[in-house]
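Asker: Predicted model, plus sequence, below.
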Amino acid sequence: MAEGGHYDIVVLGGGSGGYACALRAAELGKRVALIERDKVGGTCLHRGCIPTKALLHAAEVADSARESAKFGIRTSFEGVDMPGVLTYQQSVVDRLWKGLQSTIASRKIDTILGDGRLVSPTSVQVGDALYTGDHIVLATGSVPRSLPGLEIDGARIITSDEALRMDRVPGSAVILGGGVIGVEFASVWRSFGAEVTIVEMLPQLLPLEDEASAKVLQRAFRRRGIAAELGTAFESVRYTAGGVAVSLSSGKTLEAEVLLVAVGRGPVSAGLGYEENGVTLTRGFVDVDGLCRTAVPTISAVGDLIATPQLAHVGFAEGIMVAERLGGLDVRPIDYDGVPRITYSDPEVASVGITSAQAAERGIAVTEVTYPLGGNGKSVILQTQGHAKVIAEAPSGASGASGPDGQGAGPGRVLGIHLIGSRVGELIAEGQLIYNWDAEPADVAALIHPHPTQSEIIGEAHLALAGKPLHFHA
Ligand SMILES: Cc1cc2nc3c(=O)[nH]c(=O)nc-3n(C[C@H](O)[C@H](O)[C@H](O)COP(=O)(O)OP(=O)(O)OC[C@H]3O[C@@H](n4cnc5c(N)ncnc54)[C@H](O)[C@@H]3O)c2cc1C
C-alpha cells in the first residue's frame, strides 16, 4: 500500500463514479490515487446492480422450470436452494471484482484501502497517511435510507443489503417502496415462492416511469400474485411471533415474516470533512454545477453523492466527464433525460427521455404511438405482454402524424421511449441512440430491424409515428 504522497488526482470512493473517473484520468496520463474503505466496485458490484441481477436471473430460471409445461416441456420444479443461488451470485461478483482490480492495477492507479477524510481542499487523510492532489474527486456514494422511527434490525426489518445476503426465501414479505429496488425484490421473491405486498405512498408503482408502463406492470404483478397497496403511507411497525405487522395510513395492517425497507438511498457525506472545507451540501447531497464542480475549485463530486439519478451508468458518465475536464478536454453537461433507465423485474420496464406527464408539465405538444407486444412475433413466442410507447414532438402546424403515404410534415424529434415486457431492457440501448442523436420517427422508420426479434417493436412504433404503420392498426 502506498504511504501518502502527491498525485494529480485523488479520488475518494472506489464505486462506479470513483473508479470510472480514476480509469479515464489514468488513460489521460494523470497520476491517480483511488481511496476505498471496502471493495472497489462499490454498491453496484457488491450490493446493487450485479448481485440483484444474478438473483433475477435465478428467478427467471425458476419461472421457466415451473412454467415449462406451457411450452410443451415436462419438468418438475422442486424448489429454491438459496445457498446455491448465493454461491452462483457470489461467483459472478467475484469474477467481475477480480477483473476490475486487474484493470485498475493495469492503469497504474494506486489503490489505497482505508477510510478517507477530506482534511483540506487538496488532501485526504487515511489513517496517518496524507494523500494530496492538485484535484480531489469525491465519490463516496450512498447507503440505504429508512424513515423516521423505522429502525433497521437486519433480521426482520431489512434493507437491500441484508436482502441480498438472505440464505432463505422468506415465506412472506412487505416491501416498503414501489421504486426500482422494491419492484425488483418483489419480482425475485415472488418467483422464489414468497407472498409479497408492495406498499407505495404514490398512486403508481415506479413513480418516475410513464403512467402507461406502470399500469401494465401493476396488472402483470397482480396476475403473478404480487399485491400492491398504492397511495398508502407507512405508519408503524411492531414485532409479532412470526415476524412483523405493518400499519398503513389506510387503516390496513399487513403481517409478514420480513419488512424490506426500500424507500431510497441517502448520500454518504456526513463526518467526512466536506463542509469544513467549503463543500456545500443540500440534504446531504454535494452541490455541483452541470460539470460536477463543487463550490471549491479544487474539488469535484460524482455519482450517488450528488443529486442526479442514482444509477451506475450515471456515475460512470460523471466520472469520465470529470476526468476529461481535468485532463483539459472539452466536455459538455450530461442531458439526464437522455440516460436510459431499466427496472429488471418480470416484466421489465425500460425508458429514455420524458414521459407523457413531463411533456404536459413542460408544455410541449407531442404525438404518441403505443405499439402492443401482441403484434410482435418474438414477444408472442416468449408469451410476454406489454408495449413500446414512443413520444415525439407534434408535427409543426399540425396535430398527429403525417399521412399514410409518409409524406408531408411528420413528427419532430423523438422525446421519449417507454417499453414494458419480458427482456425489453436490452432494447433501450437503441432507444437511447434515437433520443440522444435527436432522431425523428422518419429517420428510424427508414432503418431495418431484424425479424423475428423484439427490436422490431422499436421499428414498428416509429413506422407508425412516421405515418406508415406495418403490423399495426390503431
Ligand atoms: C439493490 C440495488 C440495485 C441496483 N441496481 C442498479 C442497476 O441495475 N443499474 C444501475 O445503473 N444502478 C443500480 N443501482 C445503483 C448503483 O449501485 C449506484 O448508482 C452506484 O453504485 C453509485 O456509484 P457511486 O460510485 O456513486 O457510489 P457507490 O457505488 O456507493 O461507491 C461509493 C464507494 O465509496 C466508498 N466510501 C464511502 N466513504 C468512504 C470513505 N470515507 N473512505 C473510503 N471509501 C469510502 C464505499 O465503500 C463505496 O465503495 C442499484 C443499487 C442498489 C442498492
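Answerer: Sure, I can see it. Residues are numbered from 1 along each chain as shown.

Asker: CA only for contacts and neighbour counts going forward, please
Answerer: OK.

Asker: Quick one: distance of stretch 67-81 to the chain centre.
Answerer: Put simply, stretch 67-81 sits 31 Å off its chain's centre (C-alpha atoms, centre = their mean, to the nearest Å).

Asker: Identify each buried residue in it, please.
Answerer: 67, 80 (16 or more other C-alpha atoms under 10 Å).

Asker: Run through who's touching that stretch.
Answerer: Identification of contacts with stretch 67-81 by C-alpha atoms under 8 Å, 6 or more residues apart in numbering yields 62, 65-66, 169, 192.

Asker: now do the same end-to-end measure for that stretch.
Answerer: End-to-end span of stretch 67-81 (C-alpha to C-alpha, to the nearest Å): 18 Å.

Asker: Report the mean per-residue pLDDT for that stretch.
Answerer: Summarised as a single mean, pLDDT over stretch 67-81 is 96.

Asker: How about stretch 88-98?
Answerer: 98.

Asker: For that stretch, list the C-alpha coordinates in CSV.
Answerer: As requested, the backbone C-alpha atoms of stretch 88-98 are provided in CSV (Å, rounded to 0.1, in the frame of the first residue of the first chain):
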residue,chain,number,x,y,z
TYR,A,88,-23.8,-18.5,-8.0
GLN,A,89,-24.4,-14.8,-7.2
GLN,A,90,-21.1,-14.5,-5.4
SER,A,91,-19.2,-16.3,-8.2
VAL,A,92,-20.5,-13.6,-10.6
VAL,A,93,-19.5,-10.8,-8.3
ASP,A,94,-16.1,-12.3,-7.5
ARG,A,95,-15.2,-12.8,-11.2
LEU,A,96,-16.1,-9.2,-12.0
TRP,A,97,-14.3,-7.9,-8.9
LYS,A,98,-11.1,-9.7,-9.9
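
Asker: what's the neighbour count on Met321?
Answerer: Applying other C-alpha atoms under 10 Å, we find 25 residues neighbouring Met321.

Asker: Which of the helices or strands spans it?
Answerer: helix 312-326 (DSSP states H and E).

Asker: How about residues contacting that helix?
Answerer: By C-alpha under 8 Å, 6+ apart, the list of residues contacting helix 312-326 reads 16-22, 24-25, 28, 44, 49, 291-292, 300, 302-304, 308, 330-332, 334, 339.

Asker: Ok, stretch 339-349 next?
Answerer: For stretch 339-349, contacts defined as C-alpha under 8 Å, 6+ apart pick out 53, 56, 180, 183-184, 187-188, 213, 217, 220, 314, 350-353, 384, 418-425, 428-429, 431-432.

Asker: Of those residues, which belong to strands?
Answerer: 350-353, 418-421 (DSSP state E).

Asker: Rebuild the residues you listed as TSV, extending it with distance to Val80, pLDDT and neighbour count.
Answerer: Listed next are the ones in strands among the contacts of stretch 339-349 as TSV, based on distance: C-alpha to C-alpha, whole Å; pLDDT from 0 to 100; neighbours: other C-alpha atoms under 10 Å:
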residue	distance to Val80	pLDDT	neighbour count
Ala350	28	98	27
Ser351	32	98	31
Val352	35	98	28
Gly353	38	98	25
His418	33	98	29
Leu419	30	98	31
Ile420	27	98	28
Gly421	25	98	27
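
Asker: Also near the ligand: which of the residues you listed, exactly?
Answerer: Applying C-alpha under 6 Å from any ligand atom, the subset of the ones in strands among the contacts of stretch 339-349 adjacent to the ligand is empty.

Asker: From the contacts of helix 312-326, which land in strands?
Answerer: Filtering the contacts of helix 312-326 for strands - DSSP E - leaves Ser300.

Asker: of the contacts of helix 312-326, buried ones?
Answerer: 16-22, 24-25, 44, 291-292, 300, 302-304, 339.

Asker: Roughly how far does the nearest residue to Ser187 once chain neighbours are set aside sit from Lys389?
Answerer: For Ser187, ignoring the flanking residues on the chain, the nearest one in space by C-alpha to C-alpha, 6 or more residues apart in numbering is Ser345 at 5.5 Å. To Lys389, Ser345 is 19 Å away according to C-alpha to C-alpha.

Asker: got it, and Ala445?
Answerer: In terms of C-alpha to C-alpha, Ala445 sits 15 Å off from Lys389.

Asker: Tyr336 too?
Answerer: From Tyr336 across to Lys389, the span is 20 Å (C-alpha to C-alpha).

Asker: so Val369, which of the three states?
Answerer: Classification of Val369 by DSSP: H, G, I helix; E, B strand; the rest coil places it in strand.

Asker: Quick check: bridge partners of it?
Answerer: Beta bridges link Val369 to Val390 when assigned by DSSP bridges.

Asker: for Leu118, same thing?
Answerer: Here Leu118 shows beta-bridge partners Val124, assigned using DSSP bridges.

Asker: need the residues of this protein near the ligand, please.
Answerer: Residues of the chain lying close to the ligand by C-alpha under 6 Å from any ligand atom are 12-18, 35-40, 42-44, 47-49, 52, 114-117, 139-142, 160, 181, 303-305, 310-313, 315.

Asker: Is there a quick PyMOL command that grabs whichever of these are buried?
Answerer: Listed next is the PyMOL selection for buried residues among those, using 16+ other C-alpha under 10 Å:
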select buried, resi 12+13+14+15+16+17+18+35+36+37+39+40+42+43+44+47+48+52+115+116+117+139+140+141+142+160+181+303+304+305+310+311+312+313+315
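
Asker: And the pLDDT at the residue nearest the centre of the chain?
Answerer: Residue closest to the average C-alpha location in the chain (C-alpha atoms, centre = their mean): Leu311, at 4.7 Å. With respect to pLDDT, Leu311 has a value of 98.

Asker: same deal with Asn376?
Answerer: 95.

Asker: For it, list the residues it contacts.
Answerer: With C-alpha under 8 Å, 6+ apart, Asn376 has these contacts: 452-454, 456-457.

Asker: What is the neighbour count of the residue nearest to Ser187?
Answerer: Neighbours of Ser345 (other C-alpha under 10 Å): 27.

Asker: Val143 now?
Answerer: Neighbours of Val143 under the rule other C-alpha under 10 Å: 18.

Asker: That one sits in which helix or strand?
Answerer: Using DSSP H and E, Val143 sits within strand 142-144.

Asker: name the helices or strands packed onto that strand?
Answerer: Counting contacts by 3 or more C-alpha pairs under 8 Å, 6 or more residues apart in numbering; DSSP states H and E, strand 142-144 packs against strand 265-267.

Asker: Please enumerate the helices of this protein.
Answerer: Assigned by DSSP state H, the helices in the chain fall at 16-27, 42-47, 49-66, 82-106, 160-163, 180-191, 211-224, 312-326, 356-361, 377-381, 428-436, 441-445, 456-465.

Asker: which stretch among those comes nearest Glu3?
Answerer: Closest approach to Glu3 among the helices of the chain (C-alpha to C-alpha): helix 82-106, 16.8 Å.

Asker: Pull out the buried positions in the closest one.
Answerer: Neighbour-count burial for helix 82-106, counted by 16+ other C-alpha under 10 Å, picks out 82, 85-86, 88-90, 93, 96-97, 100, 104.

Asker: Stretch 420-431 too?
Answerer: In stretch 420-431, counting by 16+ other C-alpha under 10 Å, buried: 420-425, 427-429, 431.

Asker: neighbouring contacts of that stretch?
Answerer: Residues from elsewhere that reach stretch 420-431 (C-alpha under 8 Å, 6+ apart): 213, 216-217, 340, 342-344, 346-352, 373, 379, 382, 384-388, 417, 419, 454-455, 458.
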